[in-house]
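Asks: got a structure for you, letters missing:
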């Protein structure tokens, strides 16, 4: 199983970006999917998660600005990021609980988001 993230880039403050992360391989079922981020010199932190049933959870710092969604048919999770701030600059990682031969926690390779002031 692999998670392939895309959509990062450079954007001005107040702008928007949409991240995508597609899971591929032998996948029987995906439970929770989510996005985390790690800024330079800081620990990795939760951004948002979404269950297979569509229940979402957000970090307080991104509520009302970011929206997580998923397409279960495509095994893909998205993160729509609006009203971006310089403090959102980080490497964003997708994460998923996936059942292939057993339940395992998978991480994508990370995609860099840079927000200029």
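Replies: Looks like it arrived, so ask away. Since we're looking at a predicted model, the values are computed, not measured. Residues are numbered from 1 along each chain as shown.

Asks: Who does the residue most central in space within the chain form a beta bridge with?
Replies: Centrality entry for the chain: nearest residue to the mean C-alpha point is residue 35, 2.8 Å, by CA atoms, centre = their mean. Taking DSSP bridges as the rule, residue 35 bridges to residue 48, residue 94.

Asks: Against residue 72, how distant is it?
Replies: 17 Å (CB to CB, to the nearest Å). From N, CA and C alone the C-beta is placed, and that goes for glycine too.

Asks: swap in residue 90?
Replies: On the measure of CB to CB, residue 90 and residue 72 end up 27 Å apart.

Asks: now residue 56
Replies: 14 Å.

Asks: circling back: let me see the confidence value for the residue nearest to the centre of the chain.
Replies: pLDDT for residue 35: 98.

Asks: got it, and residue 46?
Replies: Reported pLDDT for residue 46: 98.

Asks: Return the set of buried residues in the host helix or strand of it.
Replies: Using DSSP states H and E, residue 46 sits within strand 45-50. For strand 45-50, burial by neighbour count (16 or more other CB atoms under 10 Å) applies to 47-50.

Asks: do stretch 69-86 as well
Replies: Buried, per 16+ other CB under 10 Å, within stretch 69-86: 70, 75-79, 81, 84.

Asks: Residues in contact with the helix or strand that the strand holding residue 46 is followed by: which ones?
Replies: Proceeding N to C from strand 45-50, the next assigned helix or strand is strand 56-58, under DSSP H and E. With CB atoms under 8 Å, 6 or more residues apart in numbering as the contact definition, strand 56-58 has outside contacts at 46-50, 66, 68.
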